[in-house]
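J.: Fold the stuff below for me.
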Amino acid sequence: MKQTVLLIDHPIGQRDDRASRMLQEMGYAIEWCSPGRGDVLPPLDSDFKAAIVYGGAESANHTEDKAYLRVETDWIGGWAETGRPFLGICLGGQMLARALGATVSRHDEGLHEIGYVKIDPTPASKGFLGDAMHVYQWHNEGFEVPACAELLASGPVFRNQAFRYGANAYGIQFHPEVSRPVMERWMREASHMLEEPGAQSKVAQLAAAARFDAPMEAWLRGFLTRWLA
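T.: Okay, here's the model as predicted:
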């Protein structure tokens with residue numbers, strides 16, 4: 001029987017991402033769960049190989065306003081303690097950071113990261129990021145690295161771009177799962193965000209995608225392979 005990876009998304013999530021496609025190509029079954037749409041998170045002792053929590057329009061700080069975010073954050077903290085593979089992407093990474101006691105906040109100068117941004121590996125990033133890479137971003141908040149975790153990648157605007165807790169729980173700020181069609185949909189459906197300080201124009205993002213999307217996709221495939229080995 002195939003091993004199953006749990007995929008947790010949020011109310012405006014789009015499920016034609018490349019991570020879910022890659023997992024199926026690698027021979028895994030996937031199961032979606034959306035607490036914000038009323039789905040119930042599985043027990044922590046359920047038989048899932050790994051869990052991925054995707055991004056969303058919510059803030060990780062809105063746990064008092066949105067009860068499902070509080071439940072989800074608590075669940076993430078519990079899952080991280082099981083030692084099974086976990087990946088939090090953007091909002092998912094911020095929720096992992098909060099579950100581990102760190103803060104999530106806006107940039108001091110009100111900047112956003114929207115578009116392709118270069119990130120650099122840290123000394124602790126062996127096996128995660130070998131060389132500097134341009135990655136896709138879409139966010140206006142960032143996480144501090146929990147005291148119990150290691151910083152794996154840094155950037156010029158939001159310094160903290162990736163961290164690891166324990167052997168196999170990762171929080172990342174960027175969006176390697178976003179395919180070109182999804183990127184174009186985001187720019188179309190949230191075009192007002194391209195006017196925010198720090199956001200790259202549509203023309204600049206499309207030009208950058210032509211250069212950087214394929215290497216980012218290759219990185220994600222390699223990461224998923226190592227992560228689930």
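
J.: quick check: longest strand of the chain.
T.: Longest strand in the chain by number of residues (criterion: DSSP state E): strand 113-121.

J.: who touches the very next helix or strand once past it?
T.: For strand 113-121, the following helix or strand on the C-terminal side (DSSP states H and E) is strand 133-139. Applying C-beta atoms under 8 Å, 6 or more residues apart in numbering, the external contacts of strand 133-139 come out as 55, 90-91, 112-119, 158, 161, 173-176, 178, 183, 186, 193, 208-209, 211-213, 215-216, 219. All C-beta atoms are positioned from the backbone trio N, CA, C, and that covers glycine.

J.: Show me which of the residues you listed are buried.
T.: Using 16 or more other C-beta atoms under 10 Å as the burial test, those include 55, 90-91, 112-117, 119, 158, 161, 173-176, 178, 183, 186, 208-209, 212-213, 216, 219 as buried.

J.: Look at residue 139 and report its pLDDT.
T.: You'll see residue 139 listed with a pLDDT of 98.

J.: no no, residue 2
T.: On the pLDDT scale, residue 2 is placed at 84.

J.: isn't there a strand covering it?
T.: No - assessed with DSSP: H, G, I helix; E, B strand; the rest coil, residue 2 is coil; it does not lie in a strand.

J.: Touching, it and residue 24? I think so.
T.: No - applying C-beta atoms under 8 Å, one finds residue 2 not in contact with residue 24, separated by 9.4 Å.

J.: Compare the two and say which one has the larger neighbour count.
T.: Neighbour comparison, residue 2 and residue 24: the larger count goes to residue 24, with 13 against 10 (by other C-beta atoms under 10 Å).

J.: May I have the secondary structure class of the more buried one?
T.: Judged by three-state DSSP, the three-state class of residue 24 is helix.

J.: again, but for residue 215
T.: Strictly by three-state DSSP, residue 215 counts as helix.

J.: Nearest residue to it in space, please, no chain neighbours.
T.: The shortest distance from residue 215 to any non-neighbouring residue, by C-beta to C-beta, 6 or more residues apart in numbering, is to residue 133 (6.4 Å).

J.: So in the protein, where's the weakest helix or strand by average pLDDT?
T.: In the chain, no helix or strand scores lower on mean pLDDT, DSSP states H and E than helix 180-189, which sits at a mean of 95.

J.: Output the contacting helices and strands for that helix.
T.: Based on contacts counted as 3 or more C-beta pairs under 8 Å, 6 or more residues apart in numbering; DSSP states H and E, the elements that helix 180-189 packs against are helix 202-227.

J.: how far does stretch 77-94 stretch from start to finish?
T.: 12 Å (C-alpha to C-alpha, to the nearest Å).

J.: List the buried residues in it.
T.: The neighbour-count check on stretch 77-94 (16+ other C-beta under 10 Å) flags 77, 79-80, 84-94 as buried.

J.: The residue nearest to residue 215 pairs with what?
T.: As for beta bridges, residue 133 partners with residue 119 under DSSP bridges.

J.: now the least confident helix or strand of the chain, how far from the centre of its chain.
T.: Between the centre of helix 180-189 and the centre of its chain there are 17 Å (C-alpha atoms, centre = their mean, to the nearest Å).

J.: What of stretch 43-51?
T.: 19 Å.

J.: could you give me the average pLDDT of that stretch?
T.: Stretch 43-51 shows a mean pLDDT of 97.
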